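In: coords below, sequence missing:
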């Protein structure tokens with residue numbers, strides 16, 4: 001296996017940063033930042049040949065470290081049997097000795113979140129799947145197990161769960177996605193534990209406490225009884241299995257499509273959606289790259305499973321796609337900067353083909369409804385503030401274009417349904433958690449706690 005290095009690529013101007021797309025490297029789009037008036041940087045995971053190529057083309061490349069073959073994704077794992085046993089013990093600890101109010105009207109003390117108790121490692125692909133079945137069985141009165149229709153390329157069955165109380169009241173649905181990119185290891189665990197935490201808090205009629213941020217028992221009651229939460233924590237189980245396999249690749253990003261006739265396996269699932277899929281903006285037609293978009297839009301079974309949820313459950317109004325890393329809350333658009341004045345300047349208009357993907361120019365900006373932009377701004381700030389309240393970590397909330405454009409992404413596709421005649425109004429966010437793909441589990445637990453508070457806050461937007 002070719003050795004890769006975590007690097008920081010420095011461009012001397014914004015155009016040079018955008019021109020990095022032509023090299024089709026494994027660069028981490030959300031990490032692109034301005035470091036001075038004349039310089040911009042972006043992180044990546046590239047080979048020595050890639051480094052030399054960039055240097056020859058006028059880029060500075062700072063090598064941070066050589067990529068490791070063993071990481072917490074492999075070394076800090078836990079079996080489902082141990083996880084479920086610890087779950088039971090965590091429940092006992094959370095409820096044992098809880099102080100009951102002695103005075104009428106006094107608030108009951110909020111117990112610690114189950115996140116903070118006893119869990120010791122990352123679950124495997126099979127463990128994530130078993131955990132969903134465990135939650136659905138344990139909390140059968142409020143959880144429905146959803147078997148998704150498309151098996152993966154390696155014939156794995158994917159499952160999601162729906163949390164909510166069945167009655168005749170129409171409910172807004174929120175969909176949480178995780179595990180799209182295989183190496184982003186903490187996010188499926190985050191969503192499994194969030195589901196467990198919500199179900200336990202509702203059943204025991206308690207609130208949830210994430211260090212310095214608390215939600216009351218009534219908050220939890222309102223969420224469970226007035227919304228439907230759809231949780232699909234592991235979109236890409238084949239990829240996670242490969243990341244955690246002893247003979248696998250801990251930095252694998254894509255799914256495991258064998259791509260017959262092509263030189264490399266795998267499709268980048270977050271470049272496979274039908275939003276400017278054929279534009280070439282932040283994507284590649286070369287299977288060797290980490291941003292290979294697939295043979296056609298929505299070609300992948302994992303993508304089709306997400307769309308199945310969207311199409312079957314028409315009440316889904318907001319999707320939060322959880323990725324890593326860079327401590328960002330991102331919303332549309334990713335292909336170009338936004339504008340609210342000219343609705344004809346939009347992704348459907350062929351007159352602008354070839355003009356998109358150049359942030360900072362005056363030729364093209366992607367149209368967005370003014371009220372939607374206001375909603376994204378205010379909701380993003382609420383999520384950011386909830387995350388910061390846990391232990392002071394400040395995420396930035398911003399359009400996903402940032403400095404480095406993309407296309408074919410989940411949240412842009414879902415939001416674009418408002419404009420392309422599909423008659424859906426789905427708001428989409430991508431949350432980039434933490435500062436590493438595979439942090440030590442203790443650090444990951446802190447990140448899970450923070451981001452979970454942000455996800456609960458996103459739910460509260462729809463009930464406040």
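Out: Nice, thanks for sending it over. Note that this is a predicted model, so its numbers are computed, not measured. Numbering: from 1, shown residues only.

In: any chance you could map the helices in the stretch 51-200 of the chain?
Out: Along the stretch 51-200 of the chain, counting by DSSP state H, counting those that start in this stretch, helices occupy 72-75, 80-95, 125-138, 186-203.

In: Nearest to residue 410 among the ones you listed would be which one?
Out: Of all the helices of the stretch 51-200 of the chain, it is helix 186-203 that lies closest to residue 410, at 13.3 Å by CB to CB. Placement of C-beta: from N, CA and C, glycine included.

In: tell me the angle of that closest one relative to helix 125-138?
Out: Taking axes from the mean of the first three to the mean of the last three CA atoms, to 10 degrees, one finds helix 186-203 and helix 125-138 inclined to each other by 10 degrees.

In: Can you name the element that comes right after helix 186-203?
Out: Per DSSP states H and E, the first helix or strand lying C-terminal to helix 186-203 is strand 208-210.

In: by contact count, what packs against that following strand?
Out: Judged by 3 or more CB pairs under 8 Å, 6 or more residues apart in numbering; DSSP states H and E, the packing partners of strand 208-210 are helix 186-203, strand 213-215, helix 441-461.

In: Kindly compare burial across the helices of the stretch 51-200 of the chain and name the winner.
Out: Per residue and on average, the most neighbours among these fall to helix 186-203, with a mean of 25 (mean count of other CB atoms under 10 Å).

In: Check the residue with the shortest distance to the centre of the chain and give its pLDDT.
Out: Central residue of the chain (CA atoms, centre = their mean): residue 322, 1.5 Å from the mean position. On pLDDT, residue 322 comes in at 98.

In: That one reaches residue 190, doesn't it?
Out: Yes. Counting by CB atoms under 8 Å, residue 322 does reach residue 190; the two are 6.6 Å apart.

In: where do the contact lists of the two overlap?
Out: Common contacts of residue 322 and residue 190 (CB atoms under 8 Å, 6 or more residues apart in numbering): 178, 433, 451.

In: Show me where the stretch 51-200 of the chain dips below the pLDDT cut-off.
Out: 90-91, 93-118, 168 (pLDDT under 70).

In: Who are the contact partners of the residue lying closest to residue 397 once chain neighbours are set aside?
Out: Nearest-residue entry for residue 397: residue 380, 3.2 Å, with adjacent residues in sequence omitted and distances by CB to CB, 6 or more residues apart in numbering. Residue 380 makes contact with 329, 331, 397, 398, 429, according to CB under 8 Å, 6+ apart.

In: List the residues that contact residue 264.
Out: 287, 288, 292.

In: and those residues as CSV, adding pLDDT, neighbour count and distance to residue 251?
Out: CSV is the format used below for the contacts of residue 264 (pLDDT from 0 to 100; neighbours: other CB atoms under 10 Å; distance: CB to CB, whole Å):
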residue, pLDDT, neighbour count, distance to residue 251
287, 97, 19, 17
288, 96, 13, 15
292, 97, 25, 15
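
In: what's near enough to touch residue 14?
Out: 40, 359, 360, 403.

In: Now distance to residue 335 too, for the helices and strands packed on strand 208-210, in TSV please.
Out: Converted to TSV, the helices and strands packed on strand 208-210 look like this (distance: least, CB to CB, whole Å):
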stretch	distance to residue 335
helix 186-203	24
strand 213-215	34
helix 441-461	24
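
In: which one of the ones you listed lies closest to residue 301?
Out: helix 186-203 (17.4 Å).

In: That closest one versus helix 441-461: what angle between them?
Out: 60 degrees.

In: chain center to helix 186-203, what's the gap?
Out: 15 Å (CA atoms, centre = their mean, to the nearest Å).

In: before we move on, what about stretch 246-258?
Out: On CA atoms, centre = their mean, the centre of stretch 246-258 falls 18 Å from that of its chain.

In: Report the separation between the two terminal residues of that stretch.
Out: End-to-end distance for stretch 246-258: 20 Å, by CA to CA, to the nearest Å.

In: So which bits of it are buried?
Out: Neighbour counts over stretch 246-258 (16 or more other CB atoms under 10 Å) mark 248, 249, 250, 251, 252, 253, 254, 255, 256, 257 as buried.

In: contact partners of it?
Out: Residues from elsewhere that reach stretch 246-258 (CB under 8 Å, 6+ apart): 1, 4, 26, 45, 67-71, 73-74, 152-154, 181-183, 236, 238-239, 241-244, 265-269, 290, 292, 294, 300, 302, 437-438.
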